[in-house]
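Peer 1: Next come a sequence and a model predicted from it.
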Amino acid sequence: MTDYFNGRASTEEHAPLLQDPEDDRHPRSSQNTNGTFTDRVNSVAQEPLTPLTKILLVIALFLLLLSSVFIGLFAGAQHRLNRGGGGGDPGKEPIYTTTTRTRMSTTTGYSTTTQTQTQTQTQITTKTTIATTTQVVTIPAPGPTTPPFEKPCLEPHCVVLAASILSSLDVTQDPCENFYDFANGGWLNAHPLPADKASFGKFEALAQQNKQTIQKLLESSSTPSSSMYDYDAEILKKLRDHYASCLNEGYLNEVGDKPLVHVAKVIKQLYREEDTDITLSVLKNEQADWDLDMKFDGLTAAVAYLHSRGIPGLFGFDIEGDVGTDPNHMVLWFNQPELGLPSKEYFEEKEIREIYQDTLTQLLESVLDVLEDDKDDDDDGEDDDDDAKADLTVNDEPQTWPPWPWPPWGGDDDPDDGGKEPPSKQPRSIRAKKLAKQVVALEQKIAQASLDLDILYQDPIATYNPVELSNLTQTLPQIEFQAYFSTFTPRAFPDRVILTYPSYAKSLSEILDDTPKKAVEAYLVSRALLQLSPYLGMETKQWQAHRRLVETLSGIKKGAVGDRAEWCVSRVEETLGFASGRFFVNETFAGESKEKGTKLIRDIITAFKTSLKDIDWMDEKSAKAAAEKADAIRVKVGYPLSPDTTNPRSIAFYYRTVNIDKSKFFDNMLSAASSNQFKKWLLVGKQRDLESWEMFPSTVNAYFNPPSNEIVFPAGILQPPFFQANWPGYLAFGAFGQVASHELTHAFDSAGRLYNQQGKLEEWWTKKTSEGFKVKQTCIVDQYSEYTIDDGKGGKIHVNGNLTSGESIGDSGLIQAYRAWKEQYHVSQENGGEYLLPGLTYTREQLFFISFARIWARAMKTAAAVQRIQD
């Protein structure tokens, strides 16, 4: 048709109105006038199609198509009726579809012949063919839609992983009503709480597994070779000798309590200022830089001796950055001491106090011969009654030290002797009991003078109180601090100190003034007895007395003692953790673990920054500053570089001052503790070592340190059920991702938000944002304060929402882990990182939360739960 329109001039005249009869250009005109019907039809067909004719032709074709469709539908219905489809059970009827196919073809031909100046002839031929085919197809009834089938991973590690998840579940529980039991019921049923443990969950199970890895190393005879001096062999010998000394229970029982009695004797002689060979040998041999010309009063010398061996008492010092001026400049922080009971609240319970006093009675009775002598002195104290608020009897008379005979009882009202029998004639247990009462009364006063833990841990502004050293020495004159410092041989002598609670130093001074010296001495000795008794043989009275206290406070079954090898591995980690960590890392943290773990953390930081713009209580300025702090956070994964885990020489040098003897477990523990204190005090006045860690590589935990603005994740927690390099993303982000986001959120929790990106203590949020945060924080505190646990006595104990606010806010970081997983999901899926596991009918989103819940499975004794609430 295109050729037709193009071949025709727009002015061409096909049927002239007037015609010359003699004009021979139309020789057939007479025939056309009187031709047959066929001729006339052909003549009409040869006429050009006018627009109206075209429209009518299209309408005719459309009607023809529509008729064909209806004919097909009618034929299909008739076919169905013929097969009996009009009756029966509608639910069982097959479904038929009728497919009608219509084919139409139109062929138009044009033929034009032109004879110059004489004749033009045009022929048009049109042929239309329409074919209709009807087909009836039977399809099944429609069912529920499902996602496209994805083939799960069937490799061995996938099958094992899927099995571990399935075994953890208790599918009889409704996850919408009790998600914890749904996700963990299977594991808890398969892992009842061991009789020798107060708490056991996924954290403890992994820690146990890590210990077994180290234990294999310690019990193996193989030794890595080295081209140079074999530092690995040196490290392994120290590790194995220490482990062997702990396992040698027969020898420990044979030695008995002699090492502990010796420590008690040293404390007594130092406290009484007895110039003996043992005093000089202890100070001179163990502290080479001790200034023997410096004047030491007895209290200072005894306290310094305890602290130099990591034994708490009266007060304590930490070495940390000066967060008010330069967070990386390491300075002294003066703190309240650890207590003999888990927290100050325990001293308010008469039953617990009595159990504690019984323990101290047995411990002090074991060293009573050391503390007593034949010297005479007047009574300087009297017995206290059992009231929780009992005060010590104050001796207002001038005192001469030492006050012997020991103990110089007076006004004794013990019912066993009616107060008439001379002290020296009283049974040992009575004398020790009276001494223990005075120690408990003294420690109770210390507890009452201590700062509440919710302020100590959650209010860094209240606990930052820098003063000149002279301020501390004047407030607490009973301690000669310059002499005390010389015990630790710091390279930079401190002239400034930060007090976490200024009132405590003043209160301690008053307590010391009001307390008989014999009670102070007994208190110092009891600190050593409590700390060191576990390092004796299990047949000693001191070990047994300490164990009974632990059983009572934690709820452990009486007499249930765990595997000695596991306990000894823990002591090896405690004292030589960076050394054992080197071999642990080599065994368990190879391949892509460090790289993938770090990427996951970085993804969470990115998601966190993205979410800042959506926080309704945070303005733009504060959000920008928060993003900058998140970028500035140092991420440490796997193991430290100071000491360098990858370098055996670095590890060997770090532990050079730890003396290990294969037959002297007690002395080994003291040597390691002294070495730790020595290294700690070397930091005073120096810049922070940015590569150092506060945890060992095998530790199942993580932390955020505000002054250094760093989050740290040891290799010990980068193991199943928390993480594995080849896990699908939804599991890794659900488990370890929650741990990572928890630590990241600590940087912005109730305490962390008060440190800027350099770790300096300041209000770097706007006032509006800070006020908005406090509203949210109050909501969280109030929520958690409503939670309770059974106290084991028929009552309830409320969670201290203020104390736990930092952890509670940190736990909300789970949403950041979820966002981070979603943001990287498509890329991860394209790379095969979101594969499905066999036998699991849950969505990836559901498995994300199951993975999160699984890591928190834990069985716990009631007493242990109470201790966690109050500590």
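Peer 2: Everything's here; your move.
Peer 1: show me what contacts residue 865?
Peer 2: In this structure, residue 865 makes contact with 789, 790, judged by Cβ atoms under 8 Å, 6 or more residues apart in numbering. In this view, the C-beta of every residue, glycine as well, is placed from N, C-alpha and C.
Peer 1: same check, this time on residue 812
Peer 2: Residue 812 makes contact with 745, 780 under the criterion Cβ under 8 Å, 6+ apart.
Peer 1: and what of residue 619?
Peer 2: For residue 619, the contacting residues are 766, 768, 769, by Cβ under 8 Å, 6+ apart.
Peer 1: What about these, which are in strands?
Peer 2: When the contacts of residue 619 are checked against strands using DSSP state E, none is located there.
Peer 1: between these, which is nearest residue 204?
Peer 2: Checking the contacts of residue 619 against residue 204 by Cβ to Cβ gives residue 769 as the nearest, at 39.2 Å.
Peer 1: and residue 572, backbone torsions?
Peer 2: Reported as degrees, to the nearest 10, the phi and psi values for residue 572 are phi -70, psi -50.
Peer 1: Do I have it right that it meets residue 210?
Peer 2: No. Using Cβ atoms under 8 Å as the test, residue 572 is too far from residue 210 to be in contact (12.0 Å).
Peer 1: Could you check which of those two is surrounded by more residues?
Peer 2: The neighbour count for residue 572 versus residue 210, taken as other Cβ atoms under 10 Å, is higher for residue 210 (27 against 24).
Peer 1: So which bits of the helix or strand encompassing that one are buried?
Peer 2: Secondary-structure element containing residue 210, defined by DSSP states H and E: helix 202-219. For helix 202-219, a neighbour-count test (16 or more other Cβ atoms under 10 Å) marks 202-208, 210-211, 213-215, 217-218 as buried.
Peer 1: Identify the residues contacting that helix?
Peer 2: Outside helix 202-219, the residues within contact range by Cβ under 8 Å, 6+ apart are 187, 191, 197, 236, 239-240, 243, 565-566, 569-570, 572-573, 580, 583-584, 587-588, 698-701, 716-717, 719-722, 854-858.
Peer 1: Just the strands from the stretch 201-350 of the chain, written as ranges.
Peer 2: Assigned by DSSP state E, counting those that start in this stretch, the stretch 201-350 of the chain shows strands spanning 316-322, 326-335.
Peer 1: Can you tell me which of those is most buried?
Peer 2: strand 326-335 (a mean of 20; mean count of other Cβ atoms under 10 Å).
Peer 1: Can I get that strand as CSV, trimmed to CA atoms?
Peer 2: Output of strand 326-335 as CSV, limited to C-alpha atoms (Å, rounded to 0.1, in the frame of the first residue of the first chain):
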residue,chain,number,x,y,z
ASP,A,326,44.5,14.5,78.1
PRO,A,327,42.8,11.0,78.0
ASN,A,328,46.0,9.4,76.8
HIS,A,329,48.1,10.7,79.7
MET,A,330,48.1,8.0,82.3
VAL,A,331,47.6,9.2,85.9
LEU,A,332,46.6,7.8,89.3
TRP,A,333,43.0,7.3,90.3
PHE,A,334,42.3,6.8,94.0
ASN,A,335,39.4,4.4,94.6
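Peer 1: List the buried residues for the helix or strand following that strand?
Peer 2: On the C-terminal side of strand 326-335, the nearest following helix or strand under DSSP H and E is helix 350-366. Under the neighbour-count criterion of 16+ other Cβ under 10 Å, helix 350-366 has 352-353, 355-366 buried.
Peer 1: Closest one of those to residue 866?
Peer 2: The shortest separation between residue 866 and any of these is 10.2 Å, and it belongs to residue 352 (by Cβ to Cβ).
Peer 1: In space, what's closest to that closest one - neighbours in sequence excluded?
Peer 2: In space, not counting the residues next to it along the chain, residue 352 is nearest to residue 346; the distance is 5.0 Å by Cβ to Cβ, 6 or more residues apart in numbering.
Peer 1: Now for that neighbour: which residues touch it?
Peer 2: With Cβ under 8 Å, 6+ apart as the criterion, the residues that contact residue 346 are 339, 352, 353, 356, 553, 870.
Peer 1: rewinding a little: buried among the contacts of residue 619? Need that as a selection in PyMOL.
Peer 2: Filtering the contacts of residue 619 down to the buried ones (16+ other Cβ under 10 Å) takes a single PyMOL command:
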select buried, resi 769
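Peer 1: can you list the contacts of residue 619 in TSV and add pLDDT and distance to residue 793?
Peer 2: As requested, these are arranged in TSV below (pLDDT from 0 to 100; distance: Cβ to Cβ, whole Å):
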residue	pLDDT	distance to residue 793
766	96	48
768	96	47
769	97	44
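Peer 1: Thank you kindly, that will do.
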